[in-house]
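Trainee: sequence unavailable; structure follows:
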């Protein structure tokens, strides 16, 4: 199996190179409006954002920042295939603008944006990101009533274009892409606790000093949940390419857009050793399953077709793992193309 991965150094508000209804899954994390890290980016694209912040008009700044994201959501709605799914990791913001402190509900604003574009919200996930910083509490310390709750979670918003995707009975790609019963029980919970990832950039850019990347486990899990082998995954805010790495490991094609070339340059180092990482991850996944089977009280009554382990449900029997054996790269102007070769995993 081969998968294709394309990175474009371009604005995702105009994804002219992506055909309409050609993408089965979108996994992304946009710049968060009203988080100071992104003020310069939003202001450079709309000077009235900076004006609003300077005058203490937080509501106007918030709305004008989201208007920039709306242009990307227009394109996402266009390129998404019927039955396709969008997963957006975003956090709310808390800050003082002028003399007033408040929370800016980024997640609610994005839900409204996708509803307006005809997509249907599905149950979302709270990604809990606990911190032990002594300075995390804001307000009046230990004195009531003017302290503030600390935000230790972000959202993974999920939307679908129309009804569920339709497959022919027994579709090979769908059954080979199955996940284990115990994975389903963990992944489809509405509360995830995942450790964040290192935000350091080897070469900080003019646009940002840290990567703002999510951990690899987040897009990898979403890709396995909401797509099948051979699907195309889009990330319109690609950053250092975490979604691409996840798509390679999961055997999906991918497309990504990024404005900052310096940040995108960090991706090539992430491909080094991906073949070994791929094998380790598959072995660990099978190992966790075998431990579950050995320890569970559930009835494990089915034999996997391709492997020497048992599974809980009939739907899992044809599960097939692939590992990455090589990645080839070809660049052309502002386009970087990668071809990943995969082989079936044998234990």
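Mentor: Received the coordinates, thanks. Quick caveat, the model's predicted, so the values are computed rather than measured.
Trainee: surely residue 343 is in a strand?
Mentor: Yes. Secondary structure of residue 343 (DSSP: H, G, I helix; E, B strand; the rest coil): part of a strand.
Trainee: for the residue lying closest to it once chain neighbours are set aside, helix, strand, or coil?
Mentor: With C-beta to C-beta, 6 or more residues apart in numbering as the criterion, residue 343 has its nearest non-adjacent residue at 5.2 Å, and that residue is residue 325. For every residue, glycine as well, the C-beta is placed using N, CA and C. For residue 325, the assignment made with three-state DSSP gives strand.
Trainee: can you get me a residue count around residue 325?
Mentor: 13 (other C-beta atoms under 10 Å).
Trainee: am I right that it is in contact with residue 339?
Mentor: No. Between residue 325 and residue 339 there is no contact under C-beta atoms under 8 Å: 11.6 Å.
Trainee: all strands of this protein, in order?
Mentor: 2-9, 23-28, 80-90, 93-97, 100-104, 120-128, 153-160, 191-193, 232-235, 253-258, 302-303, 310-311, 322-332, 335-344 (DSSP state E).
Trainee: quick one: mean pLDDT for stretch 143-155?
Mentor: Mean pLDDT, stretch 143-155: 88.
Trainee: quick one on the thing from earlier: which one of the strands of the chain lies nearest to residue 217?
Mentor: strand 191-193 (9.0 Å; C-beta to C-beta).
Trainee: so what does that closest one touch, helix or strand wise?
Mentor: In this structure, strand 191-193 makes packing contacts with strand 120-128, judged by 3 or more C-beta pairs under 8 Å, 6 or more residues apart in numbering; DSSP states H and E.
Trainee: contacts only, for the residue nearest to residue 343.
Mentor: Taking C-beta atoms under 8 Å, 6 or more residues apart in numbering, we find residue 325 in contact with 275, 341-343.
Trainee: and these, which are buried?
Mentor: By neighbour count, with 16 or more other C-beta atoms under 10 Å, these hold 275, 342 as buried.
Trainee: out of the contacts of residue 325, which one sits closest to residue 118?
Mentor: residue 342 (34.9 Å).
Trainee: tell me how far residue 329 lies from residue 343.
Mentor: Between residue 329 and residue 343 the distance, using C-beta to C-beta, to the nearest Å, works out to 19 Å.
Trainee: oops, could you answer that again for residue 119 instead?
Mentor: Distance from residue 119 to residue 343, by C-beta to C-beta: 36 Å.
Trainee: what segments of the stretch 51-200 of the chain are helices?
Mentor: With helices called from DSSP state H, counting those that start in this stretch, the stretch 51-200 of the chain shows them at 58-79, 106-116, 172-176, 181-187.
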